[in-house]
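Student: A structural model of the following input is requested.
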Amino acid sequence: MYPFPHIKRYLLLCLAVLCFAPVVKAQLFYINKHKKQVHLRFKLVRDMIVVPVYINQKGPFNFIVDSGVGLIIITDPKLLDSAKIYNKRIIKIYGAAGNTESFEAYATSTIDLALPGGVSSSLVSAAVFKEDNFGLSNYAGIPIHGILGYEFFSHLSVKINFTDTILSIARSGYYRPFKKKRGVTIPLSVEERKPYIKATVALPNKQITENKFLVDLGAGHPLSIEQPDIHQAHFNNSVKANLGVGLTGQPISGFISRVNEFNLDRYRFTNVIASFPEVKGTRYLVPRDGNLGLGILKRFMVIMDYANSVMYLKPNYKYNEPFEHDMSGMEYYAAGAELNRIVISRVEPGSAADEAGIMANDEITTVNFKRVDKMSMVDIDNLFKSKDKRNILVEIRRGKKYETFVLTLKRRI
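Tutor: This is a model prediction of the structure:
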């Protein structure tokens with residue numbers, strides 16, 4: 001049912017031009033007046049920041065914190081009943097300019113959203129999908145109910161500590177810049193409800209150019225380069241990939257490779273994994289060259305302050321870790337009512353899994369003798385990108401038969 005679960009790579013919602021946004025009143029989140037800041041623990045699930053959210057005093061529900069989305073979205077239509085959301089109207093959601101994809105959703109009247117510790121909403125509405133085309137729960141391996149977008153960031157200062165998985169929230173201006181030796185201040189431009197920065201990147205031609213990037217906390221890749229004149233033939237090592245899904249559930253094609261260099265103020269990254277979606281004919285409300293995802297941002301403590309147009313960064317212990325991509329060649333998702341079964345949706349030709357004889361629609365039952373229902377999706381991901389030429393035992397259920405394969409990991413890019 002969900003053949004393209006790896007949505008974090010390139011979620012078209014990040015491009016969405018939502019006709020819902022202009023018709024609502026000013027919406028925002030605020031913290032209790034008796035508090036200076038609020039701290040809450042988040043889950044980092046396959047490079048998605050997941051926080052508990054209460055809707056109309058019901059919950060908690062799992063929401064992704066995503067600066068790449070221009071409004072609040074409820075992806076699980078069952079929440080209409082469980083959160084007692086009764087007043088709604090039908091709207092159409094469109095993709096980026098030049099893309100004719102659209103689908104129907106509900107626009108809610110004002111709903112009450114709150115996060116633990118004293119963060120509440122004012123005049124907030126949401127778009128509710130009539131159908132969950134994206135399968136975020138299947139990708140994450142845990143129930144995902146929605147996405148916190150622009151309204152969560154618009155009037156607050158949000159600090160993300162990836163080391164301790166703590167989200168700190170305060171009024172705009174509360175968090176000050178890091179000392180110069182410890183961090184940097186990046187100018188942030190908030191346009192059409194989304195944040196942008198300038199950074200430089202060196203492609204295989206080794207020419208360094210300045211580019212405009214969307215700061216996308218909802219994207220798990222390190223970097224996405226969205227330029228129509230870049231082709232896979234320009235790269236020595238690359239793999240074709242389905243980089244996510246469009247609004248109607250159709251795959252977004254492209255490839256994954258590496259860029260020679262990416263510079264964010266004084267911080268320089270080399271040999272960075274990047275996604276290259278096919279963007280020919282796509283136009284954005286705000287012209288851009290790509291987006292900056294959690295694959296890089298999680299290497300810092302991040303503070304975003306929309307009202308003051310700044311982002312503060314301080315490196316953490318992950319800063320010098322090499323960039324690695326999946327070495328199995330499999331794309332897989334969590335299935336079943338408990339999301340504890342792992343089904344393979346795609347096998348890359350010529351990959352380790354392909355050479356071992358593993359096929360799409362196979363179900364993984366154990367990895368190195370450990371049952372997958374006792375593992376998280378992150379545990380499985382980490383094994384499959386752990387070390388080039390490492391041998392991993394994978395038990396597969398194919399129909400009614402069980403088979404064991406020796407998977408020799410292969411670094412493809």
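Student: didn't I208 look like it was pressed against A202?
Tutor: Yes: I208 sits in contact with A202 when judged by C-beta atoms under 8 Å, with a separation of 4.6 Å. Every residue, glycine included, has its C-beta placed from N, CA and C.
Student: who has more neighbours, those two?
Tutor: Between I208 and A202, counted using other C-beta atoms under 10 Å, the more crowded position is A202 (17 against 14).
Student: what's the nearest residue to the more buried one if we skip its chain neighbours?
Tutor: E261 (3.8 Å; C-beta to C-beta, 6 or more residues apart in numbering).
Student: next one: V65
Tutor: Using C-beta to C-beta, 6+ apart, the nearest residue to V65 is I49, at 4.2 Å.
Student: list the helices and strands the longest helix along the chain packs on?
Tutor: The longest helix of the chain (DSSP state H) is helix 377-384. Applying 3 or more C-beta pairs under 8 Å, 6 or more residues apart in numbering; DSSP states H and E, one finds that helix 377-384 contacts strand 330-335, strand 363-367.
Student: Measure how far it is from the centre of its chain, please.
Tutor: Taking the mean of its C-alpha atoms, helix 377-384 sits 17 Å from the chain's own mean (C-alpha atoms, centre = their mean, to the nearest Å).
Student: any idea where the helices of the stretch 101-250 of the chain begin and end?
Tutor: Under the criterion DSSP state H, counting those that start in this stretch, the stretch 101-250 of the chain contains helices at 136-140, 150-154.
Student: any chance of those in a markdown table, with mean neighbour count too?
Tutor: What follows is those, written out as a markdown table (neighbours: other C-beta atoms under 10 Å):
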| stretch | mean neighbour count |
| --- | --- |
| helix 136-140 | 24 |
| helix 150-154 | 23 |
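Student: Domain map for this structure?
Tutor: Using automatic domain parsing, the domain ranges for the chain come out as 7-170, 178-315, 330-408.
Student: Redo these as a markdown table? Include distance to F323 and mean pLDDT.
Tutor: Output for the domains of the chain, formatted as a markdown table (distance: least, C-beta to C-beta, whole Å; pLDDT from 0 to 100):
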| stretch | distance to F323 | mean pLDDT |
| --- | --- | --- |
| domain 7-170 | 12 | 84 |
| domain 178-315 | 5 | 89 |
| domain 330-408 | 10 | 96 |
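Student: what's the closest of these to P322?
Tutor: Relative to P322, the nearest member of these by C-beta to C-beta is domain 178-315, separated by 7.5 Å.
Student: Please, where are all the helices along the stretch 301-413 of the chain?
Tutor: Going by DSSP H, counting those that start in this stretch, the stretch 301-413 of the chain shows helices at 352-356, 377-384.
Student: out of those, deepest packed?
Tutor: Across the helices of the stretch 301-413 of the chain, the average number of neighbours (mean count of other C-beta atoms under 10 Å) peaks for helix 352-356, which reaches a mean of 22.
Student: what does it contact?
Tutor: With C-beta atoms under 8 Å, 6 or more residues apart in numbering as the test, helix 352-356 has contacts from 327-330, 344, 347-348, 394, 405-410.
Student: Looking at these, which are in strands?
Tutor: M330, I344, V347, V394, F405, V406, L407, T408 (DSSP state E).
Student: I'd like to know which of those are buried.
Tutor: By neighbour count, with 16 or more other C-beta atoms under 10 Å, these hold M330, I344, V347, V394, F405, L407, T408 as buried.
Student: Identify the residues contacting M327.
Tutor: Taking C-beta under 8 Å, 6+ apart as the test, what M327 contacts is A352, F384, K385, S386, K387, D388, R390, L409, K410, R411, R412.
Student: Against S351, how distant is the second one?
Tutor: From F384 over to S351 the distance is 11 Å, taken as C-beta to C-beta, to the nearest Å.
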